[in-house]
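[1] Whatever this is, show me its structure:
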Amino acid sequence: MGSPLAMASSAQAAAAPSAFTSLAPYRLLDTRYGVGAAKVAVAKGGTVHLQVATRGGVPATGVSAVVLNVTVTAPTKPGYVTVYGDGTTRPTASNLNFVAGQTIPNLVIAPVGANGKVALYNGTGGTIHLIADVSGYYRSRARTAAGAFGALAPTGCWIPATGWARPRSRLPLVAWWPCRSPPAGACRPRGSLQWC
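    Predicted coordinates for the structure are as follows:
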């Protein structure tokens, strides 16, 4: 058992701005059984507005982001899911991609909206079922310590890149980087394009 001083320090750290608090996994959402949303598959282009604050150990206030294990199951068409703070502009990047009939999870750190909710958008031409388990959260307020966590909406960008996958393969290559620029040394400029 830890000393009172060590336990007090741990409690202070958890309450600090941007500090992370882990939780025992708790199911917040399962559209197959009506947990956290209606007992119905999510329609194409539909959004689930999931209440996370006050559930599964997540506080009612003072939370900037939650850690969710999001699972898609029984998709009728290929597509993607985007998870973001409810009441904010939906980002164009995805958190989870899948093909028809696939069951696939992904760990997501999602900002929490001012209403205590997270939005899960079905970016497919068909229906899907969604499952989400929470396993932790980040405190809000200003980041005052170096290395403190700050939640951002997912972002991706296309870099105009062309070239050949390997010498004489004659396979065109188009690169996508989940960042604002490709890794150093990955591409070289040629005119107005990046060659990789």
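[2] For stretch 37-45, measure first residue to last.
    16 Å (C-alpha to C-alpha, to the nearest Å).
[3] contacts for that stretch?
    29, 31-33, 48, 50, 74, 77, 120-130 (C-beta atoms under 8 Å, 6 or more residues apart in numbering). (Each C-beta comes from the backbone N, C-alpha and C, glycine too.)
[4] Buried only: go through those residues for me.
    29, 31, 48, 50, 74, 120-124, 126-130 (16 or more other C-beta atoms under 10 Å).
[5] Now the two most distant members of those residues.
    Greatest spatial distance among the buried ones among the contacts of stretch 37-45 (C-beta to C-beta): 50 and 126, at 20.5 Å.
[6] ranges for the strands of this structure?
    20-30, 47-51, 63-73, 79-85, 96-98, 104-111, 117-124, 129-139, 157-158, 161-162, 176-177, 188-190, 193-195 (DSSP state E).
[7] Could you list every helix and strand in contact with the second one?
    In terms of contacts (3 or more C-beta pairs under 8 Å, 6 or more residues apart in numbering; DSSP states H and E), strand 47-51 is packed against strand 20-30, strand 117-124.
[8] what number of residues lie near residue 36?
    Using other C-beta atoms under 10 Å, residue 36 has 20 neighbouring residues.
[9] domains of the protein?
    Here the domain parsing of the chain from automatic domain parsing is 17-139, 156-196.
[10] now those domains as JSON lines including mean pLDDT?
    Formatted as JSON lines, the domains of the chain follow (pLDDT from 0 to 100):
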{"stretch": "domain 17-139", "mean pLDDT": "96"}
{"stretch": "domain 156-196", "mean pLDDT": "44"}
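[11] any idea which of the ones you listed is most buried?
    domain 17-139 (a mean of 18; mean count of other C-beta atoms under 10 Å).
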